[in-house]
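Undergrad: Let's see this in three dimensions:
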Amino acid sequence: MKIIVDAMGGDNAPQAPVMGAIQANKEYGVDVILVGRGEDILKTLADNGISDLPAGVEVSHASEVVEMCDDPATAFRKKKDSSLTVGLTLLKNGAGDAFVSAGSTGALLSGATLVTKRIKGIRRAALAPVVPTGNGGAVLIDCGANAECPPEYLLQFAYMGSYYAEKVLGRTRPKVGLLNIGAEPSKGTALQTTVHPMLEAAGEAGRINFVGNVEAREAVEGAVDVIVADGYSGNIFLKTMEGTGLFLAREIKKMFKKNLTTKLSALLVSGGLRDFKKLMDSSEVGGTALLGISRPVIKAHGSSDAYAIQNAVRQARDFAASGLIEDITNNINVMRLEAPAPSAE
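TA: Below is the predicted model of the structure:
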């Protein structure tokens, strides 16, 4: 297994991606290609006491960097020798099994779509993070790549999310729910009421385990393994969860710091507090899978540290080994509508 890592992507590059990749090479035994400015990568290694490249680690030089201020739709084209463009090209050409980047989400999405290409028949790639829920986590698809979606997009998201939950998360017959404002099939906008019978038909045919609409509260409590949403609704759901987690963590910390008694109480439940923090920590997951692309791509958070990149590499390894893309490719015919959905490619 060989994972390509964008060494120049993210707020903490090159330190975080380089050292995270090195740690992943050590912990998981995967080979790694570090893509970026060679001199910066080697300096980072030297600054961390590594004089020679470890076995299984190589450097692919790329002289340019896609910055967060660059236009995401054209950055990878204008900067043809950027770490993002070079890394995706290596992936396309089979030099590695998966690609990890903590760089610009928009540029990565555009680059993966136009360089590595979508799976034939998939209308749009989707961002599919695993969000913390009462059942150990659920796949949220889409969380922001596609703000406006015709029904066919959501139908395909449901299939891709189901395959990911089964193949990567190890869920048997993962429960698929459509994010909505009520459980009744008549609830929601025209998008939800149109796609609901499509998902229901897929469930009745035994292709996915569709359990109907799911409200945000039930989704967080763990009612489903896959939460299907348009990117607009999914992003609001995701950001609300992140904000709620930060708020709760801050309030719990304030509560335990009130006086000596509460501080002693904090010592007694310190293990539980660590578990809670770990549950809400996105770095434990590693990153967000970009589903619908012909090769495995993982988007790590822009603020990722080395530990988060290490876990993103592990996630990329699991994605590449899962056979997920083959499942999507082999089942693409049942994921299409007879009439093409509106929206030009």
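Undergrad: Centre-most residue in this structure?
TA: Central residue of the chain (C-alpha atoms, centre = their mean): Thr288, 1.0 Å from the mean position.
Undergrad: ok, now which ones touch that one?
TA: Shown in contact with Thr288 (C-beta atoms under 8 Å, 6 or more residues apart in numbering): Leu127, Ala128, Pro129, Cys143, Ile298, Lys299, Ala300. Placement of C-beta: from N, CA and C, glycine included.
Undergrad: Doesn't it lie inside a strand?
TA: Yes: counting by DSSP: H, G, I helix; E, B strand; the rest coil, Thr288 is part of a strand.
Undergrad: any idea how far it lies from Ala75?
TA: Going from Thr288 to Ala75 by C-beta to C-beta, to the nearest Å gives 19 Å.
Undergrad: can you check Ala98 too?
TA: In terms of C-beta to C-beta, Ala98 sits 21 Å off from Ala75.
Undergrad: do the same with Asn135
TA: 38 Å.
Undergrad: Also Gly36?
TA: Gly36 is 15 Å from Ala75, where distance means C-beta to C-beta.
Undergrad: now the helices for this protein?
TA: Residue ranges of the helices in the chain, as given by DSSP state H, are 15-28, 38-47, 75-78, 83-92, 105-111, 151-167, 190-204, 216-221, 231-256, 260-268, 270-280, 306-321, 324-330.
Undergrad: Need the contact partners of the helix or strand of the chain with the lowest mean pLDDT.
TA: Within the chain, judged by mean pLDDT, DSSP states H and E, the helix or strand with the poorest mean is helix 270-280; its value is a mean of 73. Helix 270-280 has contacts (C-beta under 8 Å, 6+ apart) with Pro132, Gly245, Ala249, Ile252, Ala266, Glu284.
Undergrad: Also stretch 10-23?
TA: By C-beta under 8 Å, 6+ apart, the residues outside stretch 10-23 that reach it are 3, 5-9, 32, 34, 36-37, 40-41, 44-45, 48, 50, 54, 57, 100-103, 300-310, 312-313.
Undergrad: quick revisit: and the closest residue to the residue nearest to the centre of the chain other than its chain neighbours, how many residues sit next to it?
TA: Leaving aside its sequence neighbours, Thr288 sits nearest to Pro129 (C-beta to C-beta, 6 or more residues apart in numbering; 4.2 Å). Neighbours of Pro129 under the rule other C-beta atoms under 10 Å: 22.
Undergrad: give me the beta-bridge partners of Gly287?
TA: Ala300 (DSSP bridges).
Undergrad: what does Lys175 give?
TA: Asn209.
Undergrad: Tell me if I'm right that it and Gly222 touch.
TA: No: applying C-beta atoms under 8 Å, one finds Lys175 not in contact with Gly222, separated by 9.6 Å.
Undergrad: Neighbour count for those two, which is higher?
TA: Neighbours were counted for Lys175 and for Gly222 using other C-beta under 10 Å; Lys175 has more, 21 against 15.
Undergrad: still on that earlier bit, so which of the contacts of helix 270-280 is the closest to Gly292?
TA: Closest to Gly292 out of these is Pro132 (23.8 Å), distances taken as C-beta to C-beta.
Undergrad: how near is the closest one to Met241?
TA: Counting by C-beta to C-beta - Pro132 and Met241 are separated by 7 Å.
Undergrad: Who are the contact partners of the residue nearest to Met241 when sequence neighbours are not counted?
TA: Setting aside the residues directly before and after it, Met241 is nearest to Val131 in space (C-beta to C-beta, 6+ apart), at 5.9 Å. Residues near Val131 by C-beta under 8 Å, 6+ apart: Gly137, Ala138, Leu140, Ile227, Leu238, Met241.
Undergrad: need the contact list for the last one.
TA: By C-beta under 8 Å, 6+ apart, Met241 lies in contact with Val131, Pro132, Val220.
Undergrad: Give the closest residue to Ala223 in space, chain neighbours not counted.
TA: Closest to Ala223 by C-beta to C-beta, 6+ apart is Val214, at 5.5 Å.
Undergrad: Give the bridge partners for that neighbour, please.
TA: With DSSP bridges as the rule, Val214 is bridged to Leu179.
Undergrad: For it, the count of nearby residues, please.
TA: 25.
Undergrad: and if you look at Met19?
TA: Met19: 21 surrounding residues under other C-beta under 10 Å.
Undergrad: Residue ranges in this protein under the pLDDT threshold?
TA: By pLDDT under 70, the weakly predicted segments of the chain are 278-284, 338-345.
Undergrad: Great, nothing more from me.
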